[in-house]
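Peer 1: need a structure here:
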Amino acid sequence: MNKIKIVTDSTLDLSTELVEKLDVVVVPLAININGESFLDRVDIDPVEFIESMSRSKELPKSSQPPVGVFLETYDRLGKEGYEVISIHMTGKLSGTVRSAESAAQMSNTNVTVIDSEFISKGLGFQVREAAQMAKQGKSRAEILERLQKVREHTKLYIMVDTLENLVKGGRIGKGKAFIGSLLNIKPVASLEGAEYTPVTKVRSHSQVVKFMAKQFAEDIKGKTVRGVGIAHAEAYELAVKIKESIFEMTGCQDVEIDYTGPIVSTHTGPGALALMYYYE
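Peer 2: Predicted coordinates:
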């Protein structure tokens, strides 16, 4: 049986230390800001990006890795004796998974490409499970079956703190944003079936904490929690409050908090936060 290597992209929002420990190969997306192009988490880190974005009049633009980069990665791993499972952010938000699929068809390496149907830590959950199973010597079929279960039992809720980036990105009109800003509205949405689905609107961070913790408690009732994470764009204090509220309501204390990368924060803007978890 061949060894299996897990490949993913830079939107997974796992710490560098964990990625190295799992021995996962991360192919970075590119981000263009103020006429300059950077490789996500290679040439620019999340904090530097937020600072640059706040000074930019135009919304940064992201682009998926070229097919050639995936092809080189797959061919190299094949020569090292690996089969590849390549897991990526939802194809509804990026062409990354399509790039990976094109490269897989061209490569001599045995590559299976997976659309995680999630972003950020929702993607990270699947990558971590797959990498751990690969290290244990599990088969491709066993890993793929497990990933399907993880996808089916993952929840993602995201809160946008400012509507400015949604306006710049053409996702809402200026009139709606103006009214929303006057009312201090903070929209909360879920990612269901890879679709961004509005769930509720809150008007304060305390309401965000209350909603997120309550939703988590309801979803995990009678279930075993396998992983919980919060990804944020300059919203660390709010993330900590949600983590504390989750512990108070459920006793669950193993909640990872990480800074989200440029690809997600471009669309959400500073102050955004997402709570993600999966269970059995």
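Peer 1: Is Ser206 within a helix or a strand, and which one?
Peer 2: Assigned by DSSP states H and E, Ser206 falls within helix 205-220.
Peer 1: outside of that helix, which residues touch it?
Peer 2: The contact list for helix 205-220 (C-beta atoms under 8 Å, 6 or more residues apart in numbering) reads 155, 157, 159, 186, 188, 200, 202, 228, 238, 241-242, 245-246, 248-250, 252, 273, 275, 277, 279. Using the backbone N, CA and C atoms, a C-beta is placed for each residue, glycine as well.
Peer 1: could you flag which of these are buried?
Peer 2: By neighbour count, with 16 or more other C-beta atoms under 10 Å, the contacts of helix 205-220 hold 155, 157, 159, 186, 188, 202, 228, 238, 241-242, 245-246, 252, 273, 275, 277, 279 as buried.
Peer 1: Would you map the strands across the stretch 101-250 of the chain?
Peer 2: Using DSSP state E, counting those that start in this stretch, the strands assigned to the stretch 101-250 of the chain run over residues 111-115, 154-159, 186-192, 195-202, 225-232.
Peer 1: Can you list the strands that the second one pairs with?
Peer 2: If you go by DSSP bridges, strand 154-159 pairs up with strand 186-192 (antiparallel), strand 273-279 (antiparallel).
Peer 1: Show me how far the last one is from its chain's centre.
Peer 2: In terms of C-alpha atoms, centre = their mean, to the nearest Å, the gap separating the centre of strand 273-279 from the centre of its chain is 10 Å.
Peer 1: how about that strand as CSV, C-alpha atoms only?
Peer 2: Output of strand 273-279 as CSV, limited to C-alpha atoms (Å, rounded to 0.1, in the frame of the first residue of the first chain):
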residue,chain,number,x,y,z
LEU,A,273,-15.4,36.2,13.3
ALA,A,274,-16.5,32.6,12.5
LEU,A,275,-17.3,29.8,14.9
MET,A,276,-16.9,26.3,13.5
TYR,A,277,-17.3,22.9,15.0
TYR,A,278,-17.9,19.2,14.2
TYR,A,279,-19.4,16.4,16.1
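Peer 1: one step back: mean pLDDT for the strands paired with strand 154-159: which is lowest?
Peer 2: The weakest mean pLDDT among the strands paired with strand 154-159 belongs to strand 186-192, with a mean of 83.
Peer 1: and the angle from that strand to helix 205-220?
Peer 2: 20 degrees (axes from the mean of the first three to the mean of the last three C-alpha atoms, to 10 degrees).
Peer 1: in the helix holding Ser206, what counts as buried?
Peer 2: Using 16+ other C-beta under 10 Å as the test for burial, helix 205-220 gives 205, 208-209, 211-213, 215-216, 220.
Peer 1: Make CSV out of those residues and add pLDDT.
Peer 2: Listed next are those as CSV, based on pLDDT from 0 to 100:
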residue, pLDDT
His205, 90
Val208, 93
Val209, 96
Phe211, 95
Met212, 96
Ala213, 97
Gln215, 96
Phe216, 97
Ile220, 96
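Peer 1: Cool, thanks, talk later.
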